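Participant: give the three-dimensional model of this entry:
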Amino acid sequence: MMFTGLSPDEARGLQWAEVHLDDPTPHFEVRPNGRRRLKKGQRRRRVPLVGSALAMMRERRQKAAQGTSDVFPRYCHQRNANTLSASLVKPMKAAGVWQKTVKVPYSLRHSVKDWLRRAAPTNMQLLIMGHGHGEGRAAGGYGGDDLLDMQAQHLEAALRRGGVIDYPTLPDTEG
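Facilitator: Next up, the predicted model:
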């Protein structure tokens, strides 16, 4: 969430079939699947993986159990993202950054949006965050090119600005 702007519900439903680590621009897809649906006004999209996010996803894939389809198996079967959000509060409290209703797990998405505002044009922000899609909307437009390579450049610049592009990775304890 900290590296992509994903919402907790989008993250918990991510499946390996939606992750494309070997493509020229590594990315994952946000689309309805058996674990999640998209909110009204959101659109299927591809989100680039850059920096620490790409390294973490490659490590997670290497350690994934054979035959598992879920990227985050601990949370994927929950009815909603509340369990994921609740589990993220604990380390936020330990780090001294959690403030009820002010700094919560969803704040990670807001931080990415703030960084993107300073590093990317509006249409790129909207493509990455999944807002503004549809006929005549800022992220819409004609054709099928979602400018994934350009999204990756802008997301990387935003994460650099936020100081998290090379965020140190911790051992992956979920399995």
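Participant: nearest spatial neighbour of residue 120, chain-adjacent residues omitted?
Facilitator: Excluding its sequence neighbours, the residue lying closest to residue 120 (C-beta to C-beta, 6 or more residues apart in numbering) is residue 154, at 3.6 Å. In this view, the C-beta of every residue, glycine as well, is placed from N, C-alpha and C.
Participant: swap in residue 167?
Facilitator: residue 52 is the one closest to residue 167 (C-beta to C-beta, 6+ apart), at 4.5 Å.
Participant: the one you found against residue 162, yeah?
Facilitator: No - counting by C-beta atoms under 8 Å, residue 52 stays clear of residue 162, with 11.4 Å between them.
Participant: which residues does residue 4 contact?
Facilitator: 47, 49, 53, 112, 128, 155 (C-beta atoms under 8 Å, 6 or more residues apart in numbering).
Participant: got these as JSON lines, with distance to residue 28 and neighbour count columns?
Facilitator: Listed next are the contacts of residue 4 as JSON lines, based on distance: C-beta to C-beta, whole Å; neighbours: other C-beta atoms under 10 Å:
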{"residue": "47", "distance to residue 28": "6", "neighbour count": "25"}
{"residue": "49", "distance to residue 28": "7", "neighbour count": "23"}
{"residue": "53", "distance to residue 28": "9", "neighbour count": "25"}
{"residue": "112", "distance to residue 28": "15", "neighbour count": "24"}
{"residue": "128", "distance to residue 28": "12", "neighbour count": "27"}
{"residue": "155", "distance to residue 28": "12", "neighbour count": "29"}
